[in-house]
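Asks: Pasted the sequence and its predicted model underneath.
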Amino acid sequence: AQSVAQPEDQVNVAEGNPLTVKCTYSVSGNPYLFWYVQYPNRGLQFLLKYITGDNLVKGSYGFEAEFNKSQTSFHLKKPSALVSDSALYFCAVRDMENYGQNFVFGPGTRLSVLP
Amino acid sequence: GAVVSQHPSRVICKSGTSVKIECRSLDFQATTMFWYRQFPKQSLMLMATSNEGSKATYEQGVEKDKFLINHASLTLSTLTVTSAHPEDSSFYICSAAGLASYNEQFFGPGTRLTVL
């Protein structure tokens, strides 16, 4: 079975500082990994994905994530946080070889960027 | 990216009534659509997967007679909450995937259902 863990319920960071939102995963096949952001009472917005290729993936709004196969991690990062980045972030994994198009989402991490 | 819409964005209904939520893919053909439910401060829980023209596949614990899903065309799926009760109040989100975007799901903006 596939699973996703986001070990931190809440991450607080000062504006202008770098931010990291952690994600680890478990799949039996090759992982397809995604990050989404959700603002209050809104659907999910796609940030970035890793399918294959370079381990460092760049996405929307200055976010990037690094795929680390040995540590089964896909942490989300941004060099300089903005107050507007405050939102709920979800990591998701998809095991294309075994579970088709189904996504499994992590529990979410609430990011608060303090001015 | 592809656009998915949901209607209505917010609905309030009385207990015992049925509510229909529409999910549309606006600029691509969605061979597969997914319905999720999200409780406050929690993650998305997959309810069911529907492929165009066939019956939906429900996740364990989801009552198929209560949550009716229809995916009659490549651009429209509907979720009907039958005989709604207050415990059905939640945020319902759909997503869509097409053959040309098999790696990715595109999410709708969600529907807030409140059952009084």
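Replies: Cool, got the structure.
Asks: Dig out what the spatially closest residue to B:Thr75 that is not a sequence neighbour forms beta bridges with.
Replies: Among residues not flanking B:Thr75 along the chain, B:Ser25 sits closest, at 5.0 Å (CB to CB, 6 or more residues apart in numbering or on different chains). C-beta coordinates here come from the backbone N, C-alpha and C atoms, glycine included. Counting by DSSP bridges, B:Ser25 is bridged to B:Val4.
Asks: Next: B:Trp35.
Replies: Assigned bridge partners for B:Trp35, using DSSP bridges, are B:Ala48, B:Cys94.
Asks: sorry, back to before: pretty sure the residue nearest to B:Thr75 sits against B:Val4.
Replies: Yes - using CB atoms under 8 Å, B:Ser25 is in contact with B:Val4, at 5.5 Å.
Asks: Spell out which residues are contacts of both of these two.
Replies: B:Ala96, B:Phe106 (CB atoms under 8 Å, 6 or more residues apart in numbering or on different chains).
Asks: that older thread, report how many residues lie close to the residue nearest to B:Thr75.
Replies: 25 (other CB atoms under 10 Å in any protein chain shown).
Asks: Now do it against chain A, distance only.
Replies: 13 Å (CB to the nearest CB, to the nearest Å).
Asks: Next: B:Leu46.
Replies: Distance from B:Leu46 to chain A, by CB to the nearest CB: 7 Å.
Asks: likewise B:His7?
Replies: 13 Å.
Asks: Need the three-state assignment for the nearest residue to that residue once chain neighbours are set aside.
Replies: Sequence neighbours aside, B:Glu22 is the residue nearest to B:His7 in space, at 4.7 Å (criterion: CB to CB, 6+ apart). Look at B:Glu22: counting by DSSP: H, G, I helix; E, B strand; the rest coil, its state is strand.
Asks: Can you tell me how far B:Glu22 is from B:Glu52?
Replies: 15 Å (CB to CB, to the nearest Å).
Asks: Ok, A:Glu8 next?
Replies: For A:Glu8 relative to B:Glu52 (CB to CB), the value is 39 Å.
Asks: still on that earlier bit, who are the neighbours in contact with the residue nearest to B:Thr75?
Replies: B:Ala2, B:Val3, B:Val4, B:Met33, B:Leu74, B:Thr75, B:Leu76, B:Ala96, B:Gly98, B:Phe106.
Asks: Check what pLDDT the last one gets.
Replies: I take that to be B:Phe106. pLDDT recorded at B:Phe106 is 88.
Asks: and it, what are its bridge partners?
Replies: Those that pair with B:Phe106 in a beta bridge, by DSSP bridges, are B:Ala96.
Asks: Return the residues in contact with it.
Replies: Taking CB under 8 Å, 6+ apart, one finds A:Phe46, B:Gly1, B:Ala2, B:Val3, B:Val4, B:Ser25, B:Phe28, B:Ser95, B:Ala96, B:Ala97 in contact with B:Phe106.
Asks: Let's see the distance spanning stretch A:64-81 from one end to the other.
Replies: 12 Å (CA to CA, to the nearest Å).
Asks: which parts of it are buried?
Replies: A:Glu64, A:Ala65, A:Glu66, A:Phe67, A:Thr72, A:Ser73, A:Phe74, A:His75, A:Leu76, A:Lys78, A:Ala81 (16 or more other CB atoms under 10 Å in any protein chain shown).
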